[in-house]
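K.L.:
Whatever this is, show me its structure:
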Amino acid sequence: MTSASITASAPLAAKIPTIREFHGDSFTDDYEWLREKTSKQVLDHLNAENAYTDAVTSDQEELRQEIFKEIKARTVETDLSVPTRRRGWWYYTRSVEGKPYTIQCRVKAEDSPDTRADWTPPVIDPVEALPGEQVLLDGNQLAEGQSFFALGGMAINEPSNLLAYCIDTQGDERFTLYIKDLETGQLLPDVIEGVFYGLAFSPDSSTVYYLVVDDTWRPHQVRAHVLGSDPASDTVVFQEDDPGMWLGFDLSADLQQLLISSGNSEYAETSVLDLNDKDGQVRLLVPRELRLLHGVDLLPGDDRRALITHDHQAPNNMLSLVELAQLGADTDPASWRTVLGHESTVKIEGTALTATHLVVSVRRDTCERVQLIPLESLGTESQLPVLEPAFDEELFTAAATFADLEAPLIRIGYTSDFTPARVYDLWLDDKELVLRKQTPVNDYDSADYLSTREWATAADGTKIPLTVMRRADLDTSVPNPVLIYGYGSYEASMDPGFGIPRLSVLDRGVVFVIAHVRGGGELGRNWYLQGKKLSKRNTFTDFIDATVHLIDAGWADPARIAALGGSAGGLLMGAIANLAPQLYTSIIAQVPFVDPLTSILDPELPLSALEWEEWGNPIEDKEVYEYMKAYSPYENVAAVDYPRIAAVTSLNDTRVLYVEPAKWVAKLREVGTGSEPILLKTEMEGGHGGASGRYEAWKNRAWDYAFALDALGKNPATAK
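P.N.:
Numbers count the residues shown, from 1 in each chain. Have a look, this model is predicted:
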């Protein structure tokens, strides 16, 4: 970025004071008027910001194009997924060169006396259709004429002749539900507006279950739609009235029960509905009054027992077996039978069932892994030992992606920082692990790159894990430019995973670092608890301490460090900009949650009430209010020299409203004393994930990386 590229004048947002008063504190907000999304003045301002951003970053355009071309060239665009067998069909997804969306397909499976042959996926040509191949949904056709398109979910009934699916053409994650007759290819007249993620058919295919959201975009009702009826008459199966609880559902492993869950980040409730009982009522299994975080799996058929993953006196969770008759309002977790006990170094993440095995997802040494336990003698003294498939890398992610009662195998997805996604099938009889596919990547050799684990030390002595990625031939005897990424909220773990776009950064001599700061889930429940509510500042100081470690250890050139984070990680970016602006050459904040106090103080805003369990409730608690106000990026903008900053957002984002970065940028420009540009880039037709389609996603990633690389001296157009 040269001085010639910033001759354009930054848009000047009008100052229209709004007074906010809570707990005896008065805050004057000059830019709250930007919340009026449909206002011509607001839209004109956002468009002016986009024009300014385009002007300021015009000398990055060639670099952006180069990165986009590299991503595209490395991607095998015409490809397909490994087919998965369900109820007599093989299902798979095609991608086609030049088309932005995937195509959902299936072919009929065969049955023979050879079970292994029947469950070995067919070899499918990425280009040519198989005989009898049926296209279920072509995202490219559905997206025609739309400026945005996203598929929100799919469900197929047990006879496999009906497909329910949802699409969003606005980016606001409010979907329209359609039902397709797969024998005729025609849509049924049933069309339901305003549904959320999550679909399921009843066993007799007469009914579709779906979720709807309230005015704050919180899923709060499970509804049942009888095919052929008026959607206005759909039955409310369950309603969650607590504004701090998120509603969801799933089918039991045998597809006969609807498991309904309400929860937040601290506790949950689970109920069940027997889908075969037309007069059945929702039955409570695990009440919210127990304040347990938990998940429930029902053993199939006549086995009247449940498997429960829960945190009763077990912060990292334990796994218990309990008779269904023992569940209900008065159930006592202390009486449940232990299957897997609590471990301080292992977090139990969840379970799935096959006819013969329990599949357990666990996290150990920061990495997600898969374990198997035979159902035979489960929960008794003769319970058989746990089996864990072994892999040959230290840092990896292994997750069960398919487990089914009728399947003689489970499917495992595997990846690492420099191993493209693999698909394994694990046969349950002899535990043979078979590699079905590794995602092909053009012009790539994993030996050219290295990923290692470093540990930074926080001010309180806590060890912070870092993932350090670089080219193998990079000269590490001297400091190098660094791009450091962080998130640190909601117990979300930044797991090892391959990414083609990141290669374009590494190939330019930049070290890419992920700081696994507190507030995430990499080191178990306590790691999360140390970075939420009144301990939230640990997330920010961990990231700063990680940055200082990279400098002290000789990894990072202190004059060339860029930081990147999105959503709650965007809050992290805003916080470090205030706490340590001198450490960073540039900061990229994607859909950033930078005005958290204003948002959470208004329970009418999307998802605000749900956030109380993550950040605290500043409406009722003065201490929480004062704590949040002390770190809120927007409210702590100071007269300091900020680095160059790009705030990237979407107009239709319902999770973090565009107004937060818009206000933040206006205040940074008003108060900050530095000379570096502060930019706002708004996708005018996108949602929380930006614009839709893989090509637009690649362009967005190229934009972010070009902005960082320019600041790091890696843009040929501006490098001295």
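K.L.:
Please make it C-alpha for all contacts and neighbour counts, starting now.
P.N.:
Will do.
K.L.:
Doesn't Asp125 lie inside a helix?
P.N.:
No: Asp125: not assigned to a helix; according to DSSP: H, G, I helix; E, B strand; the rest coil it is coil.
K.L.:
where does it land on pLDDT?
P.N.:
Turning to Asp125, the model gives it a pLDDT of 91.
K.L.:
So what's the residue count around it?
P.N.:
Counted with other Cα atoms under 10 Å, the neighbours of Asp125 add up to 12.
K.L.:
Likewise for Ala10?
P.N.:
As a burial measure, Ala10 scores 19 neighbours (other Cα under 10 Å).
K.L.:
same question, Asp445
P.N.:
As a burial measure, Asp445 scores 10 neighbours (other Cα under 10 Å).
K.L.:
and if you look at Phe396?
P.N.:
Using other Cα under 10 Å, Phe396 is surrounded by 21 other residues.
K.L.:
Now do the contacts for it.
P.N.:
By Cα atoms under 8 Å, 6 or more residues apart in numbering, the contact set of Phe396 is Cys367, Glu368, Tyr414, Thr415, Ser416, Asp417, Asp495, Pro496, Gly497.
K.L.:
Per-residue pLDDT of the residue sitting nearest the centre point of the chain, please?
P.N.:
The centroid of the chain falls nearest to Ala492 when counting by Cα atoms, centre = their mean (8.1 Å). Predicted confidence (pLDDT) for Ala492: 96.
K.L.:
which ones are touching it?
P.N.:
Counting by Cα under 8 Å, 6+ apart, Ala492 touches Gly519, Gly520, Gly521, Glu522.
K.L.:
For the closest residue to the last one other than its chain neighbours, give its distance to Ala458.
P.N.:
Excluding its sequence neighbours, the residue lying closest to Glu522 (Cα to Cα, 6 or more residues apart in numbering) is Thr366, at 4.6 Å. With distances taken as Cα to Cα, to the nearest Å, Thr366 is found 18 Å from Ala458.
K.L.:
higher neighbour count, the two?
P.N.:
A direct count of neighbours by other Cα under 10 Å for Thr366 and Ala458 places Thr366 higher, at 23 against 19.
K.L.:
now whatever helix or strand Thr547 lives in, how far from the centre of its chain.
P.N.:
In this assignment (DSSP states H and E), Thr547 forms part of helix 537-552. From the chain centre to the centre of helix 537-552 is a distance of 24 Å (Cα atoms, centre = their mean, to the nearest Å).
K.L.:
just the helices in this structure please.
P.N.:
Here the chain has its helices, by DSSP state H, at 40-56, 61-74, 115-118, 139-142, 500-506, 525-529, 537-552, 568-579, 596-600, 612-615, 622-631, 659-671, 694-711.
K.L.:
need the ones you listed in CSV with mean pLDDT, can you?
P.N.:
Below are the helices of the chain laid out as CSV (pLDDT from 0 to 100):
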stretch, mean pLDDT
helix 40-56, 97
helix 61-74, 98
helix 115-118, 96
helix 139-142, 95
helix 500-506, 98
helix 525-529, 97
helix 537-552, 98
helix 568-579, 98
helix 596-600, 94
helix 612-615, 92
helix 622-631, 98
helix 659-671, 97
helix 694-711, 96
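K.L.:
wait, which of those is closest to Gly295?
P.N.:
Closest approach to Gly295 among the helices of the chain (Cα to Cα): helix 525-529, 15.4 Å.
K.L.:
got a list of contacts for stretch 112-119?
P.N.:
Taking Cα under 8 Å, 6+ apart as the rule, stretch 112-119 contacts Arg85, Ala109, Glu110, Asp111, Ala407, Pro408.
K.L.:
List just the nearest of these to Thr598.
P.N.:
Among the contacts of stretch 112-119, and counting by Cα to Cα, the member closest to Thr598 is Arg85, at 48.4 Å.
K.L.:
Number of residues surrounding the nearest residue to that closest one once chain neighbours are set aside?
P.N.:
Nearest residue to Arg85, sequence neighbours excluded (Cα to Cα, 6+ apart): Tyr91, at 6.3 Å. Neighbourhood size, Tyr91 [other Cα under 10 Å]: 22.
K.L.:
Going by neighbour count, list what's buried in stretch 458-476.
P.N.:
With burial defined by 16 or more other Cα atoms under 10 Å, the residues of stretch 458-476 counted as buried are Ala458, Ile464, Pro465, Leu466, Thr467, Val468, Met469, Arg470, Arg471, Leu474.
K.L.:
Surely the fifth one and Ala456 touch.
P.N.:
In other words, Thr467. No: using Cα atoms under 8 Å, Thr467 is not in contact with Ala456, being 10.6 Å away.
K.L.:
quick revisit: so which of the helices of the chain gets nearest Leu298?
P.N.:
helix 525-529 (25.0 Å).
K.L.:
other SSEs contacting the closest one?
P.N.:
Applying 3 or more Cα pairs under 8 Å, 6 or more residues apart in numbering; DSSP states H and E, we find helix 525-529 packed against no helix or strand.
K.L.:
From the chain's centre, how far out is that helix? Work that out for me.
P.N.:
So, by Cα atoms, centre = their mean, the centroid of helix 525-529 is 18 Å from its chain's centroid.
K.L.:
go on, stretch 70-78?
P.N.:
Worked out by Cα atoms, centre = their mean, stretch 70-78 lies 23 Å from the chain centre.
K.L.:
Kindly provide the distance from the nearest residue to Asn317 once chain neighbours are set aside to Gly248.
P.N.:
Nearest residue to Asn317, sequence neighbours excluded (Cα to Cα, 6+ apart): Asp311, at 4.3 Å. Computed as Cα to Cα, the Asp311 to Gly248 distance reads 20 Å.
K.L.:
do Leu372 as well
P.N.:
Applying Cα to Cα to Leu372 and Gly248 gives a distance of 26 Å.
K.L.:
Likewise for Pro300?
P.N.:
21 Å.
K.L.:
who's more crowded, those two?
P.N.:
Gly248 (22 against 19).
K.L.:
Run through the bridge partners of the nearest residue to that one once chain neighbours are set aside.
P.N.:
The shortest distance from Gly248 to any non-neighbouring residue, by Cα to Cα, 6+ apart, is to Ser261 (5.3 Å). With beta bridges defined as DSSP bridges, Ser261 has these partners: Gly248, Thr270.
K.L.:
Likewise for Val286?
P.N.:
Bridge pairing for Val286 - DSSP bridges - gives Thr270.
K.L.:
Would you mind measuring from the residue nearest to Asn317 to Glu343?
P.N.:
Asp311 is 11 Å from Glu343, where distance means Cα to Cα.
K.L.:
more crowded one of those two?
P.N.:
Comparing Asp311 with Glu343 by other Cα under 10 Å, the one with more neighbours is Asp311, at 22 against 15.
K.L.:
Does that one touch Leu290 like I think?
P.N.:
No: Asp311 is beyond contact range of Leu290, at 10.4 Å (criterion: Cα under 8 Å).
K.L.:
Please report how far Ile16 lies from Phe22.
P.N.:
For Ile16, the distance to Phe22 equals 20 Å [Cα to Cα].
K.L.:
likewise Gln281?
P.N.:
Distance, Gln281 to Phe22, by Cα to Cα: 43 Å.
K.L.:
And for Ala109?
P.N.:
Counting by Cα to Cα, the gap from Ala109 to Phe22 is 63 Å.
K.L.:
Then Leu571?
P.N.:
22 Å.
K.L.:
of these two, who's got more company?
P.N.:
Ranked by neighbour count (other Cα under 10 Å), Leu571 and Phe22 place Leu571 first, with 29 against 14.
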